[in-house]
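J.: take this sequence and fold it.
(2 chains)
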Amino acid sequence: MDQNEKLKMLFKISLFQTKSNISSKWIVFYFIFFFAASYVSLSFTHETSKAAVNLMNAVLFIVPLASLLYGTIYFYNNIDYIIFILSFPVKRPVIYISLFSGLLIPMAIGFLTGIILPVLLFNANSFLSDFYVFLPLIITGIYLHLIFISFALLIAVINENKLLGFGLSIFIWLLLSVIYDGIFLIALNSFADYPLEYFSIILSVLNPIDLSRIFITINLDLVTLMGYTGAVFHNFFSNIIGCLIIFTSLTIWVLIPLFLGIRFFNKKDF
Amino acid sequence: MIKFENISKSFSGLKALDDINLILKPKTFNLLVGPNASGKSTLIKSILGLVNVNGNLSVENKNIRNTFEYRNKIGYMPQSFSFPANLTVNEILELVKSLRSNKIYDEEILYKFQIDKIGSKKLINLSGGTKQKVNAAIAFLFDPEILILDEPTAGLDMISSNILKEKLIGENQKGKTILVTSHVFSEFESIAENIILLSEGKLNHFGLIKDLLNLTNETKLEKALAKWIKMKN
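T.: Here you go, the predicted model:
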């Protein structure tokens, strides 16, 4: 199978996966959630930047949770279909990447249209400038989908037990969105007498949700609300090198679970 | 030809396949039987490369380890048909057609089962039997040299079941190698040539059905198998 044929197959399977997922009631619900959140935020604030701030937490909490849960449930519920596709002359990594993109595309479409449509409805004339304000949210939202869908597939591939996989997904979400920050704060508080600037930067890089939060807050000019820590982050991340560090770290967060998933999927007994 | 040489497979310490040595010659019609958890599914999955086994397994004289192209020669009908429910029958056929290099299609059974008339229907709206017909049609679609069918008549009505069996006889006469599993022995005992009996992952018996009937002095395969198992124990 040459590269061209592989790409064709990848495109075909992804297309059918996308078709099948996009009309799923969960994706429709996902779109409605972000549409409602974006619409309500814009209605209350009448200012795109304030609406973006309101939406930040929805993006940082809901996108990872939905990606993890929908990804693992999809894999478990469609295991017979995956096995059937595996019986065809197609390389396993092609099937895995197709599953990944077939989950990513519908979720990302639901998220993007949900967030952006209200902006267009509220003020079509200033759409481009408003869209620019929402851009950090959109970029991090897409990255969070990439990261947590690859985690979801990895979890489902290594765990045949549905309940265990489901539990692990929720645990990873809790760990990265709640527990990690708690530990982070306790550590900062316990060692408050020491210079912790670089330590806190390193800890942030180790959590994709924190990294996303930093990127959004810097770009929405919210660092002033974060006090001293905000100033440290602003100094470190608000230049080109800082942005490069954020995006390299986020990309690594995508690639590690994705490659591990492909590796386990290649060796898995079905 | 499908050749198993010392094929073993364990799952969490339990032996699903235990040192299987078997040759399925070309143009033969083989019926794979055995009690639950005897290793039938694992044997089929090993041919399709879905499980990694110890030993040498070759299809058409080529070891299948780390290859996938040989699956162009195989048509597989799984026991249960499970595609995403939002897809239509036509979309599924289009998808599977895009996954094979073979572009000459055998659509005879597709028309006989009248699947062409339900192409625009979504899977969610199809009955279990109709899904099974689509499942069977896909196995024959690519005119493969080897047909592997897991409980093919399960869920099919009598007429459809007969259409399927006639198709299998025809394909075998054309020179296709066929491997079928079934719990209803009477359905295939008159058309299959060989029987493969697995129990607890081991190859208990492999040979001509008529030889087994003669050996056990029985006229029905079900009774012959029961007698054979008793004799072996």
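J.: report the rounded mean pLDDT for the helix or strand containing A:K19.
T.: Using DSSP states H and E, A:K19 falls within helix A:3-22. Per-residue pLDDT values across helix A:3-22 average out to 85.
J.: elements contacting it?
T.: Under the contact criterion of 3 or more Cβ pairs under 8 Å, 6 or more residues apart in numbering or on different chains; DSSP states H and E, helix A:3-22 touches helix A:92-122, helix B:89-98. For every residue, glycine as well, the C-beta is placed using N, CA and C.
J.: ok, now with 10 Å
T.: helix A:25-45, helix A:48-77, helix A:79-86, helix A:92-122, helix B:89-98 (3 or more Cβ pairs under 10 Å, 6 or more residues apart in numbering or on different chains; DSSP states H and E).
J.: redo those as JSON lines? Include mean neighbour count and distance to B:I138.
T.: As requested, the helices and strands packed on helix A:3-22 are arranged in JSON lines below (neighbours: other Cβ atoms under 10 Å in any protein chain shown; distance: least, Cβ to Cβ, whole Å):
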{"stretch": "helix A:25-45", "mean neighbour count": "17", "distance to B:I138": "27"}
{"stretch": "helix A:48-77", "mean neighbour count": "21", "distance to B:I138": "20"}
{"stretch": "helix A:79-86", "mean neighbour count": "19", "distance to B:I138": "9"}
{"stretch": "helix A:92-122", "mean neighbour count": "20", "distance to B:I138": "17"}
{"stretch": "helix B:89-98", "mean neighbour count": "19", "distance to B:I138": "5"}
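J.: B:L17: which of those is closest?
T.: helix A:79-86 (17.7 Å; Cβ to Cβ).
J.: B:K230: neighbour count?
T.: Neighbours of B:K230 under the rule other Cβ atoms under 10 Å in any protein chain shown: 9.
J.: pull the distance from the helix or strand hosting A:L128 to the chain's centre.
T.: Element membership for A:L128 (DSSP H and E) is helix A:127-158. Distance, stretch centre to chain centre, for helix A:127-158: 4 Å (Cα atoms, centre = their mean, to the nearest Å).
J.: could you point out which element follows it?
T.: helix A:162-174.
J.: give the buried residues for the helix holding A:K19.
T.: Of the residues in helix A:3-22, A:9-10, A:12-22 count as buried by neighbour count, 16 or more other Cβ atoms under 10 Å in any protein chain shown.
J.: from the chain's centroid, how far away is stretch A:74-93?
T.: That offset, for stretch A:74-93, works out to 24 Å (Cα atoms, centre = their mean).
J.: same check on stretch A:156-165?
T.: On Cα atoms, centre = their mean, the centre of stretch A:156-165 falls 21 Å from the chain's centre.
J.: distance between the ends of that stretch?
T.: Across stretch A:156-165, the terminal residues are separated by 6 Å (Cα to Cα, to the nearest Å).
J.: avg pLDDT for that stretch?
T.: In the prediction, stretch A:156-165 has an average pLDDT of 95.
J.: likewise for stretch A:88-102?
T.: Rounded mean pLDDT across stretch A:88-102 is 94.
J.: skipping adjacent residues, who's closest to B:K45 in space?
T.: The shortest distance from B:K45 to any non-neighbouring residue, by Cβ to Cβ, 6 or more residues apart in numbering or on different chains, is to B:V51 (4.7 Å).
J.: number of nearby residues for that neighbour?
T.: 19.
J.: the stretch 1-150 of chain A against chain B: which residues are in contact?
T.: Applying Cβ under 10 Å from any Cβ of the partner chain, we find that the stretch 1-150 of chain A lies next to chain B at A:1, A:5, A:8-9, A:11-13, A:15-17, A:19-25, A:74, A:77-92, A:94-95, A:102.
J.: still on that earlier bit, other SSEs contacting the helix holding A:L128?
T.: With contacts taken as 3+ Cβ pairs under 10 Å, 6+ apart, helix A:127-158 sits against helix A:25-45, helix A:48-77, helix A:79-86, helix A:92-122, helix A:162-174, helix A:208-219, helix A:240-267.
J.: which of the ones you listed sits closest to B:T42?
T.: Per Cβ to Cβ, nearest to B:T42 of the helices and strands packed on helix A:127-158: helix A:79-86, 12.7 Å.
J.: so the closest one versus helix A:48-77, what angle?
T.: Orientation of helix A:79-86 against helix A:48-77 (axes from the mean of the first three to the mean of the last three Cα atoms, to 10 degrees) gives an angle of 80 degrees.
J.: helix A:79-86 to helix A:162-174, inter-axis angle?
T.: 90 degrees.
J.: in terms of secondary structure, what does helix A:79-86 contact?
T.: Against helix A:79-86 (3+ Cβ pairs under 10 Å, 6+ apart) you get helix A:3-22, helix A:48-77, helix A:92-122, helix A:127-158, strand B:74-77, helix B:89-98.
J.: again, only this time at 7 Å
T.: Using 3 or more Cβ pairs under 7 Å, 6 or more residues apart in numbering or on different chains; DSSP states H and E, the elements in contact with helix A:79-86 are helix A:92-122.
J.: helix A:127-158 and the helix it packs on, what's the angle between them?
T.: Using the same axes, to 10 degrees: helix A:92-122 against helix A:127-158 is 150 degrees.
J.: which strands or helices does helix A:92-122 pack on?
T.: helix A:3-22, helix A:25-45, helix A:48-77, helix A:79-86, helix A:127-158, helix A:240-267.
J.: which ones are touching B:K27?
T.: B:175, B:177 (Cβ atoms under 7 Å, 6 or more residues apart in numbering or on different chains).
J.: returning to that earlier point: pretty sure the residue nearest to B:K45 contacts B:S41?
T.: No. Contact criterion Cβ atoms under 7 Å: B:V51 and B:S41 do not qualify, at 9.3 Å.
J.: what about residue 126, neighbour count?
T.: Let's take chain A. 13.
J.: wrong chain, I was asking about chain B
T.: 19.
J.: can you check A:D2 too?
T.: Residues lying near A:D2 (other Cβ under 10 Å) number 7.
J.: now it: how far from B:E69?
T.: 12 Å (Cβ to Cβ, to the nearest Å).
J.: go on, A:K19?
T.: 27 Å.
J.: moving C-terminal of the strand or helix carrying B:I44, what's the next helix or strand?
T.: Assigned by DSSP H and E, B:I44 belongs to helix B:40-47. The element immediately downstream of helix B:40-47 (helix or strand, assigned by DSSP H and E) is strand B:54-59.
J.: can you pull the pLDDT of residue 222?
T.: You didn't pick a chain, so chain A it is. Value for A:L222, per-residue pLDDT: 72.
J.: switch to chain B, that's the one I care about
T.: 88.
J.: same question, A:N219
T.: 84.
J.: residues of chain B that sit close to chain A?
T.: B:45, B:48, B:50-52, B:68-69, B:71-72, B:76, B:78, B:80, B:82-84, B:86-87, B:91, B:95, B:98-100 (Cβ under 7 Å from any Cβ of the partner chain).
J.: okay, buried residues for the lengthiest helix in chain B please.
T.: Criterion DSSP state H: the longest helix present in chain B is helix B:158-173. Neighbour-count burial for helix B:158-173 flags B:160-161, B:163-165, B:167-168, B:171-172 (criterion: 16+ other Cβ under 10 Å).
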